[in-house]
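Trainee: Give me coordinates for this.
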Amino acid sequence: MKHLAYLNKFLLKYRWRLIPGMLFVVISNIFSVLLAPVVRMAFDMVADNISIYELFNGFNRQAIIYKIFGSGLLLFGLVVLALSLVRGLFLFFMRQTIILMSRHIEYDLKNEIYAHYQVLSLAFYRRHNTGDLMNRVTEDVSRVRMYLGPGIMYSLNTIILFVMVIYLMLTVNTRLAIFSILPLPILVLIIFYINNIINFRSEKIQERLSILSSFVQENFSGIRIIKSYVRENYVRKNFAIESEHYKEHSMALVKVQALFYPTMLLLVGISNVIIIYVGGVEVMKGNISAGNVAEFIVYLNMLTFPVMSLGWVTSLIQRASASQKRINEFLHEQPEIVSPKVPKENISGKITFDNVSFIYPDTGIQALKSVSFTINPGEMVAIIGRTGSGKSTIANLLMRMYDTTGGEVLIDGKPLPQYNLEGYRSQIGFVPQEVFLFSDTIANNIAFSADVLNMPVVEQAAKDAAVYKNIMELENGFETLIGERGVTLSGGQKQRVSIARAIVKHPQILVFDDCLSAVDTRTEEEILNNLGNVMKDKTSIIIAHRISTIKNADKILVMDNGQIIEQGNHEYLMQQKGTYFELYEKQLLEEEENV
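Mentor: This is a model prediction of the structure:
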């Protein structure tokens, strides 16, 4: 239960649902156990009235006795019916409080997990796959809710009913009560033994479910690649293998539960035999009446369902514990990037990298080595270099997706970690290398950073990104729904919509991370000309592979192996006859060959 202890704060929060629920459990069980004394009295009345009826055999009073006997049985029947109705009413109240409480806690827990996901750093998402993240906030939370609702409700019901029934049995006849509950210690030992097995196998089931969810999510996301390479059968076989693993673990748990329930029924049946035998002996001795034996059988039958549900409840609790353990693993994760509690402040856009080094925490790869440069407000700076030279790492550090492992990044002369993170990022427009669009309208994708959809601003951003004409050619224009990850648009259109999303917020710093690769040269030139007007007196950083994209930049940084090996404007770098010159000559030759 140590993992489930995390949920105590929610039980405290909803105590005014839990406490009445517990009260309703007690009241419903009071009316439940009252049925047994009524049955005892009815049995005793039947025995007594049969004797009296036979005593008056041949007399006129026998008809009166028969009538009284019938009325008495009817009265007892009505009492049983009334007790059952009242018990059912309180059972309804019990479910309305405890089950509804579990739904409220499920809602709060999902929100808490999702909110925690939002504050975790980018490194966390590099370590964990999407399917696992989704499974913990859906499937795992659902299992926890089953513990908070039916688990708690049936556990309380079982405990309270056991206490009441055993107490009443002891007050009627101690010897008969002791013999009746003899199988219970065996039951406790069986539960203790099976609990460990259920717990272990429940954890394995959840692990396999996460793997299966991740597999499905990944393959659905890459369905175009699967179809392009005609790998449907291969993927189907792998899915069957993963499903088989999940089935094997599920069946292993079911086998334990299948053995558990018959064992419970066997122990209850043995108790019934004991009651009838020992009770019969006690009746012959005159210690109890036949009605008491019937009363004990009713008591025992009252325990039958709780005993049978004990295995199910045990399974619920163990599976909830396994799920909560997985949830706690993520909830206890702390973000590497923490925003200081300082007011938001405006930035002018001066960027300084002072001897910055960076090693990726997951892989240990050193991406930057003592990088230093300064970008003044209003400048357009380009970064170029081979793949893996550290260009995108500069963008990640500038967005503070990671913190430096050496040196520091300064914004307006102030260390970046000292800024309010939300306020800082709200002033940056970022177009990532891997374009991501949401399954929404084009207008909402462009206006993603705004709380209110302002169509004139959205349209102007689309024009500046040279995608306005393409959008208007679509049947529904800006109201066109983009499929998952923007599959309904071409690569170039997705990039330009992403650019429009960045510039619609009028950022103080704009970062393009190789986001013009799918755009033709003419469109690229149009976008860059528009950016010159949009980003006037503001800072622009363009990361690219094509020199044609960046040759008009105020400053160009040439990177290789995590270091800046050349810097200056296009003319200066061409005069140096170095790496930049070689890249330019090579790309120029490739363009001539393509023509």
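Trainee: Report the contact partners of the residue nearest the centre of the chain.
Mentor: Among the residues of the chain, the one closest to the centroid is V137, at 0.7 Å (CA atoms, centre = their mean). Neighbour list for V137: 110, 113-114, 117 [criterion: CB atoms under 8 Å, 6 or more residues apart in numbering]. C-beta: built from backbone N, CA, C; applies to glycine.
Trainee: ok, so of these, who is nearest T171?
Mentor: Top of the list for closeness to T171, among those and by CB to CB, is K110 at 47.5 Å.
Trainee: what about that closest one, how many neighbours?
Mentor: K110 has 16 neighbours, counted by other CB atoms under 10 Å.
Trainee: Thought S142 was touching it, still the case?
Mentor: No: the criterion here is CB atoms under 8 Å, and K110 misses it with S142 at 9.6 Å.
Trainee: List the buried residues of stretch 542-554.
Mentor: 542-551, 553 (16 or more other CB atoms under 10 Å).
Trainee: now stretch 475-485
Mentor: So, applying 16+ other CB under 10 Å, buried residues of stretch 475-485: 478, 482.
Trainee: Please enumerate residues in contact with that stretch?
Mentor: Contacts of stretch 475-485 (CB under 8 Å, 6+ apart): 221, 436-443, 445-446, 455, 458-459, 462, 471, 474, 488-489, 497.
Trainee: which other residues reach stretch 109-125?
Mentor: 7, 10, 133, 136-137, 141, 144-145, 327, 330-331, 333, 335-337, 361-362, 396, 401-402.
Trainee: again, only using 10 Å
Mentor: With contact meaning CB atoms under 10 Å, 6 or more residues apart in numbering, stretch 109-125 is reached by 6-7, 9-10, 127-128, 133, 136-138, 140-142, 144-145, 148, 324, 327, 330-339, 360-362, 396, 399-403, 421.
Trainee: Which ones among the residues you listed lie within strands?
Mentor: The members of those all map outside strands under DSSP state E.
Trainee: So what's the residue count around the residue nearest to K350 when sequence neighbours are not counted?
Mentor: The shortest distance from K350 to any non-neighbouring residue, by CB to CB, 6 or more residues apart in numbering, is to D412 (5.0 Å). Counted with other CB under 10 Å, residues neighbouring D412 total 14.
Trainee: which residues touch I556?
Mentor: Counted by CB under 10 Å, 6+ apart, I556 has contacts 380-384, 542, 544, 547, 550, 566-570, 572-573, 580.
Trainee: Going through those, which ones are buried?
Mentor: For these, a burial check counting by 16+ other CB under 10 Å picks out 380-384, 542, 544, 547, 550, 566-567, 570, 573, 580.
Trainee: mind checking the longest helix of the protein?
Mentor: When the chain is parsed with DSSP state H, its longest helix is helix 61-119.
Trainee: just how off-centre is that helix within its chain?
Mentor: Helix 61-119 sits 33 Å away from the centroid of its parent chain (CA atoms, centre = their mean, to the nearest Å).
Trainee: Could you pull up the mean pLDDT of it?
Mentor: In this model, helix 61-119 has a mean pLDDT of 85.
Trainee: Could you report the separation of P377 from L161?
Mentor: Using CB to CB, to the nearest Å, one gets 75 Å for the distance from P377 to L161.
Trainee: between those two, which one's more packed in?
Mentor: In this view P377 and L161 are compared by other CB under 10 Å, and L161 has more residues nearby, 21 against 15.
Trainee: circling back to that earlier point, okay, the residue nearest to the centre of the chain: pLDDT?
Mentor: So, for V137, pLDDT stands at 88.
Trainee: From the contacts of V137, keep the buried residues only.
Mentor: By neighbour count, with 16+ other CB under 10 Å, these hold 110, 113, 117 as buried.
Trainee: now, which of those sits nearest L23?
Mentor: K110 (28.4 Å).
Trainee: wait, G578 sits on E566?
Mentor: Yes: the pair G578 / E566 is scored as a contact, 5.3 Å apart, by CB atoms under 10 Å.
Trainee: any shared contact partners between the two?
Mentor: Residues touching both G578 and E566 (CB under 10 Å, 6+ apart) are V558.
Trainee: thinking again about what came up before, show me the contacts of I556 that map onto helices.
Mentor: Using DSSP H, these in helices are 547, 550, 570, 572-573, 580.
Trainee: Next one: the residue nearest to the centre of the chain relative to Y246, how far apart?
Mentor: Applying CB to CB to V137 and Y246 gives a distance of 19 Å.
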